[in-house]
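Trainee: model the following, please.
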Amino acid sequence: MSTLRQKLNVWRWEQNQLRSHPVVRVPSLVQMPSPAELHALTSESEVIFVLPLETDEAATKIFVEGFFNDEVCVWSNSEQGKRKWIRARRVIASLTVSEKADVFVEAAQMFRRVATERVERLASHLGVGTLNISNRDLDELVPESERWHGIYDNYWRYGFHGFECAFTHQNTGQYLDVVLGYGDEFGVLDPYFFTKFLETTAEFKALRRLLHDNYHDARKVMMILEKENRLIRVPGSPDFRCGPHKPGLAAPRDFL
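Mentor: Residues are numbered from 1 along each chain as shown. As a prediction, this is how the structure comes out:
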C-alpha cells in the first residue's frame, strides 16, 4: 500500500472517530492531561488521546499506566500510521461492584436459569437434544425453515448467529443471547449480552444504569465476581463444531 494511501486511510479513520468521540491531542509527553482532567474528560463518553508522533512503546506504557485507575479504563492501544491512539472511558468503580455484588450474582443466576429453560424448550420444539443445540449440530435434524430462526412458545423469538442463539420475548422485550459450545451449560456470560439482559429485564434495569457502557463495565463486574468466587469458570466443549471455546464465566450450578 502506498504511503499516500496509508495517510488517506489514517485521515479517514480519524475523521470517523472525530464524529463519534471526543479527541484530545497531546502536544508533548510533558504536557499530558492531569489525572483530574482525564477523569473529567471521560465522565460522559469514550475519549481518544492522540499522542505525539515520536512517542515510543515505553512512553506509551508510561502514559497508559499513569492514567489508568479504578474508574478509568484504557481499553485499546493501537497505532494508525505512526500515530499512537489511546482509547479511554469511565467504568464502574470496584467499590460499587462490591456493594452490588449480591444483585449482580442474582442477575447472573436468573440469566442462567432463563437461558437453560429457553434452550430446553427450544430443543423440545425442534425435536432435538440440548446438546444438538449447544454443538450447533442441527443440519440433518431440523428443517431449514426452522434451523436458523423462528417463534415458539407463543411469544419467544429465537435466532442462531455466530456462536450464540438469541432469545427475545415479544411482549416484554426481555433479551437473552446464549453462548453455545459449553456442553449442557447455557449460563456462560458475555459482557455485552449480559448488559443487554440487565437492560431488558425489569428486575435489573436499575442495576444496568450503574454501567457506563455496554461492554467494559460488565467485563469488570465479571472479573471482580470471579476473584470473589461468585462466578465459576466453565470449560468449552470439545464437540462444538467450530472448535472448543476458551473457558467462560457463569453462575454456579448450585443456584439453578
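Trainee: F186 and A115 touch, don't they?
Mentor: Yes - contact criterion CB atoms under 8 Å: F186 and A115 qualify, at 4.5 Å. No exception for glycine: its C-beta is placed from N, CA and C like everyone else's.
Trainee: what do the two both touch?
Mentor: V178 (CB atoms under 8 Å, 6 or more residues apart in numbering).
Trainee: list the buried ones in stretch 131-150?
Mentor: 132-138, 142, 146, 150 (16 or more other CB atoms under 10 Å).
Trainee: so how far is that stretch off the chain centroid?
Mentor: Mean-position distance between stretch 131-150 and its chain equals 26 Å (CA atoms, centre = their mean, to the nearest Å).
Trainee: same question, stretch 48-58
Mentor: 27 Å.
Trainee: endpoints of that stretch, how far apart?
Mentor: End-to-end distance of stretch 48-58 (CA to CA, to the nearest Å): 19 Å.
Trainee: list the buried ones in it?
Mentor: 48-51, 55.
Trainee: export those to a markdown table and tack on secondary structure, distance to A251 and pLDDT?
Mentor: Output for those, formatted as a markdown table (DSSP: H, G, I helix; E, B strand; the rest coil; distance: CB to CB, whole Å; pLDDT from 0 to 100):
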| residue | secondary structure | distance to A251 | pLDDT |
| --- | --- | --- | --- |
| I48 | strand | 35 | 79 |
| F49 | strand | 37 | 79 |
| V50 | strand | 41 | 78 |
| L51 | strand | 41 | 77 |
| T55 | coil | 43 | 72 |
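Trainee: just put the residues you listed in a markdown table and tack on distance to V221.
Mentor: Shown next, in a markdown table, are these (distance: CB to CB, whole Å):
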| residue | distance to V221 |
| --- | --- |
| I48 | 24 |
| F49 | 25 |
| V50 | 30 |
| L51 | 30 |
| T55 | 32 |
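Trainee: wait, which of those is closest to D190?
Mentor: Nearest to D190 among the buried residues of stretch 48-58: I48, at 24.9 Å, using CB to CB.
Trainee: grab the nearest non-local neighbour of the closest one.
Mentor: Spatial nearest neighbour of I48, excluding adjacent residues (CB to CB, 6 or more residues apart in numbering): V23 at 4.8 Å.
Trainee: give me the pLDDT value at the one you found.
Mentor: Note on V23: pLDDT of 76.
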